[in-house]
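Undergrad: need a structure here:
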Amino acid sequence: MRRGLVAATAAVGVLALAGACLVGVRWWQSRDRTTFAEATSYAPADAARLTWTDWAAVRDAVGTDDLDTLLDDAFERDLSSGSALVQSAPVLERAFGFSPASIAWELLSQSSDGAVVIVRLGGGSDLDGVADHLADAGFTEPEEDDGVWQGGPDLLAGIGSDLTPELGYVALVPDHDLVLTSDQPDYLQQVVDDLGDDSLPAPMRDVVAASGSPQSAVVYDGDYTCSELAMSHADAEEQATAERLISEAGGVDPLTAYAMSVQPDREVRVAMAFSSAEQARANADSRAVLAAGPAPGQGGDFSDRFTVESATAEGDVATLDLAPAEGAYVLSDLSSGPVLFATC
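TA: Residues are numbered from 1 along each chain as shown. Presented below is the predicted three-dimensional model:
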């Protein structure tokens, strides 16, 4: 009897030690992970397009948390083009209890199945306060703590005319201090149920890692990149010019993921994932040439917008660091096609 108890106790001790080791490993991994990488770890596995805004870093960069001034200055610095909350911000602050003036960061994930906005609250707001605001605004509280607050388009219309449909349904996740919103309650619930699986495809995780700690960024999977940034969006004459330029540069290979980000020093970094390290090395060279030349489909030359500071390759990822010209909006202007240096 006692031997059984000792054995059971020992087993519990082993399990506890194993659990502690696992927690320690997770803590060590999260300690080395950037805020950007942590945020994207919450994105659903089907994400094809991510847009990221580090609002805490943006507030530091512009030197204010006054909402109107923040939004104006963030726009001028090309730091807010990926945000899903900018248009809704004034009403959001009043009716939901948070806004870009108080949150830590925002990640918008989009796929063919749905869209979800993931928000990490900052020191100026808390989940209890958000819950109170939701109740006061007319949202129906879920029966389960991890359930979805039911709102919908009619409720949003009554709250304010500028609210994006993605705010129609809301989930609060205390374990991660997150607010998640979507225009589809079932999709939102599925994202909440799978939260924290870190299930993005490896190429997307790779370009996120290569992007460091950006203030604003877009991340695309391979299919989205090769569709939305393709030279097929240009007219026939510009497509012919692009084919010639690509041939002269040494050719390109299809991308498996893509990220463009504004760095803390205001440089723009482009990270491109490929099927092999050999392709990454070759494409770092050829795409650097393309990024320094004419911009068919965009007009003028890329050199009117930025200077290519460096082109490197590490593993399967090629990286271009670009220094924007004064007044150029590189991230917002080149987040959609045609973009010659990002074509497949």
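
Undergrad: For the helix or strand harbouring residue 133, the averaged confidence score.
TA: Per DSSP states H and E, residue 133 falls inside helix 127-137. Mean pLDDT, computed over helix 127-137, is 96.

Undergrad: starting at the chain centroid, how far to that helix?
TA: Centre-to-centre, helix 127-137 and its host chain are 26 Å apart (CA atoms, centre = their mean, to the nearest Å).

Undergrad: Could you report the neighbour count for the closest residue to residue 45 other than its chain neighbours?
TA: Closest residue to residue 45 apart from its sequence neighbours, by CB to CB, 6 or more residues apart in numbering: residue 199 at 3.8 Å. C-betas here are computed from N, CA, C, even on glycine. When neighbours are counted by other CB atoms under 10 Å, residue 199 registers 14.

Undergrad: So residue 199: helix, strand or coil?
TA: Under DSSP: H, G, I helix; E, B strand; the rest coil, the three-state class of residue 199 is coil.

Undergrad: so what pLDDT did it get?
TA: For residue 199, pLDDT reads 89.

Undergrad: buried residues in the helix holding residue 133?
TA: By neighbour count with 16 or more other CB atoms under 10 Å, helix 127-137 contains the buried residues 127, 130-131, 133-134, 137.

Undergrad: Just put these in JSON lines and tack on distance to residue 80.
TA: Formatted as JSON lines, those follow (distance: CB to CB, whole Å):
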{"residue": "127", "distance to residue 80": "24"}
{"residue": "130", "distance to residue 80": "22"}
{"residue": "131", "distance to residue 80": "27"}
{"residue": "133", "distance to residue 80": "23"}
{"residue": "134", "distance to residue 80": "25"}
{"residue": "137", "distance to residue 80": "24"}
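
Undergrad: that older thread, from residue 46, how far off is the residue nearest to residue 45?
TA: Using CB to CB, to the nearest Å, residue 199 is found at 9 Å from residue 46.

Undergrad: same check, this time on residue 107
TA: For residue 107, the distance to residue 46 - CB to CB - is 14 Å.

Undergrad: out of those two, which sits in the busier spot?
TA: residue 107 (28 against 18).

Undergrad: mind listing what that one touches?
TA: By CB atoms under 8 Å, 6 or more residues apart in numbering, the contact set of residue 107 is 39-40, 42-43, 50-52, 117-119.

Undergrad: Filter those residues down to just the ones in strands.
TA: When the contacts of residue 107 are checked against strands (DSSP state E), the matches are 50-52, 117-119.

Undergrad: Now the buried members of the residues you listed.
TA: Neighbour-count burial (16+ other CB under 10 Å) is assigned, among the ones in strands among the contacts of residue 107, to 50-52, 117-119.

Undergrad: Now compare these and name the two farthest from each other.
TA: The most widely separated members of these are 50 and 119, with 13.8 Å between them, by CB to CB.

Undergrad: could you dump the helix holding residue 133 to PDB, C-alpha only?
TA: What follows is helix 127-137, C-alpha atoms only, in PDB (Å, rounded to 0.1, in the frame of the first residue of the first chain):
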ATOM      1  CA  LEU A 127     -11.000  43.400 -20.200                       C
ATOM      2  CA  ASP A 128     -13.500  44.100 -17.400                       C
ATOM      3  CA  GLY A 129     -13.800  47.600 -18.700                       C
ATOM      4  CA  VAL A 130     -14.300  46.400 -22.200                       C
ATOM      5  CA  ALA A 131     -17.000  43.900 -21.000                       C
ATOM      6  CA  ASP A 132     -18.800  46.700 -19.300                       C
ATOM      7  CA  HIS A 133     -18.700  48.800 -22.500                       C
ATOM      8  CA  LEU A 134     -20.000  45.900 -24.600                       C
ATOM      9  CA  ALA A 135     -22.900  45.300 -22.200                       C
ATOM     10  CA  ASP A 136     -23.700  49.100 -22.200                       C
ATOM     11  CA  ALA A 137     -23.600  49.200 -26.000                       C
END
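
Undergrad: State the pLDDT value of residue 26.
TA: Looking at residue 26, its pLDDT is 39.

Undergrad: and what of residue 123?
TA: Confidence for residue 123, expressed as pLDDT, is 75.

Undergrad: Count the neighbours of it for me.
TA: Neighbour number of residue 123 under other CB under 10 Å is 9.

Undergrad: And residue 341, by the same measure?
TA: Residue 341 - counted by other CB under 10 Å - has 26 other residues nearby.

Undergrad: before we move on, what about residue 200?
TA: 24.

Undergrad: how close does it sit to residue 288?
TA: From residue 200 to residue 288 the distance is 27 Å (CB to CB).
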